[in-house]
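K.L.:
here you go, sequence then predicted model.
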Amino acid sequence: MRRALLVLVLVACVAAAAGVAYARHHRAEYRAGQVPLLPLGRDGVVLVVTDNVRADHTSLCGYRRPTTPALSALAARPGAVHTCRAYAPGSWTLPTHASFFTGVGVLDHGAHEYRGSVKDPRGSGIVTHKLDSRLPTLADQMAGRGYQTVLLAGNPVVGVGTGLARGFEHRVVARAFGDKDWPELVDDLRRVLREDLDPLGGPLFLVANLAEAHRPWKGVPEGHDFLPRRGKLQFDNEDYDGAWRRFLEGRMEGESAARFLAQVNDVYDYGIERADAGLAAILSSAREVGWCRDECRVVVTSDHGEFIGEH
């Protein structure tokens, strides 16, 4: 009996050692791009926040311009559901993301505050109260369930300093707007999925913030399919003679105001179209690298909209 037991223990040790060696070999080959991800029944979750995108400027919700073909295609897939009547819990990036990540209302999680108003745009400096560290986050909970957590953010507010990156094991956050447009984020995503995640570990929980539709806006290039060429646009609240201040304070009228709002709409729509392209690229990359090969649950939303002269 003792002899048989000893043999079984030795066999088990040899099998375990072989398993460890195989795992190490597979990880190395996967990270080198030589083998695909093993079929482990992964069921990933992807949350994409298209920053500053209004529903009424998406072609999915009936907008006259084809700004969101990828989003429309995603909504048309079997089993997909969508609404054009959702409302953000907050009025800007920090409070809304904090509510997304905690399930708690803006007044309860405390991550908010904005100094300034439309009537007094000079007092527009942002004062942030970071997310309450006592509140568990979605990333904390998903990690506790065995998911490997990844955060990609083109908006610098969605970072460590505000508490929004808490719970994410892997984080890539822009240091300034424009620092991480979607092509850079997709490159980062491919690197993280291939090099940093464990190919033999748990499924993927990915949160991606796409900030293409957020100010400052890039210019529309020559030869665009449905938009005229436009220069880049940023609003300076301190510039008394700038277009934004003159418009807000009623010092821009008639044709001048109409031309200004046309430019705002054009560069904003171009940003939405680029964010939509980023959505398609992120989902495609996750599938190609193998992390959404079996199944991924995908949620796409926005955190707030843009003011385009309505009030």
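P.N.:
Looks like it came in fine. Residues are numbered from 1 along each chain as shown.
K.L.:
and the strands in the chain?
P.N.:
Using DSSP state E, the strands of the chain run over residues 44-50, 148-153, 170-173, 204-210, 296-301.
K.L.:
residue 219 - how many residues pack around it?
P.N.:
When counting by other CB atoms under 10 Å, one arrives at 14 neighbours for residue 219. Backbone N, C-alpha and C define where each C-beta goes, glycine included.
K.L.:
how about the strands of the chain in CSV, adding distance to residue 182?
P.N.:
Compiled in CSV, the strands of the chain are given as follows (distance: least, CB to CB, whole Å):
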stretch, distance to residue 182
strand 44-50, 10
strand 148-153, 9
strand 170-173, 12
strand 204-210, 6
strand 296-301, 14
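K.L.:
list the contacts for residue 236?
P.N.:
Taking CB atoms under 8 Å, 6 or more residues apart in numbering, we find residue 236 in contact with 242, 244, 245.
K.L.:
before we move on, the earlier item: ranking the strands of the chain by burial, who's on top?
P.N.:
Mean neighbour count (mean count of other CB atoms under 10 Å) peaks for strand 204-210 among those, with a mean of 27.
K.L.:
show me how far that one is from its chain's centre.
P.N.:
Taking CA atoms, centre = their mean, to the nearest Å, one finds the center of strand 204-210 at 5 Å from the center of the full chain.
K.L.:
show residues contacting it.
P.N.:
42, 44-51, 97, 138-139, 142-143, 147-155, 158, 168, 182, 185, 189, 193, 197, 275, 278-279, 282, 286, 291-292, 296, 303.
K.L.:
identify the residue nearest the spatially most central residue of the chain in space, chain neighbours excluded?
P.N.:
In the chain, the C-alpha nearest the mean C-alpha coordinate belongs to residue 209, at 1.8 Å (CA atoms, centre = their mean). In this structure, residue 209 finds its nearest non-sequential neighbour in residue 153, 4.1 Å apart by CB to CB, 6 or more residues apart in numbering.
K.L.:
ok, now residue 92?
P.N.:
With CB to CB, 6+ apart, the residue lying closest to residue 92 is residue 304, at 5.5 Å.
K.L.:
so the one you found makes contact with residue 89?
P.N.:
No: counting by CB atoms under 8 Å, residue 304 stays clear of residue 89, with 9.5 Å between them.
K.L.:
list the contacts for residue 152?
P.N.:
With contact taken as CB under 8 Å, 6+ apart, residue 152 is in contact with 172, 173, 180, 185, 188, 189, 206, 207, 208, 209, 282.
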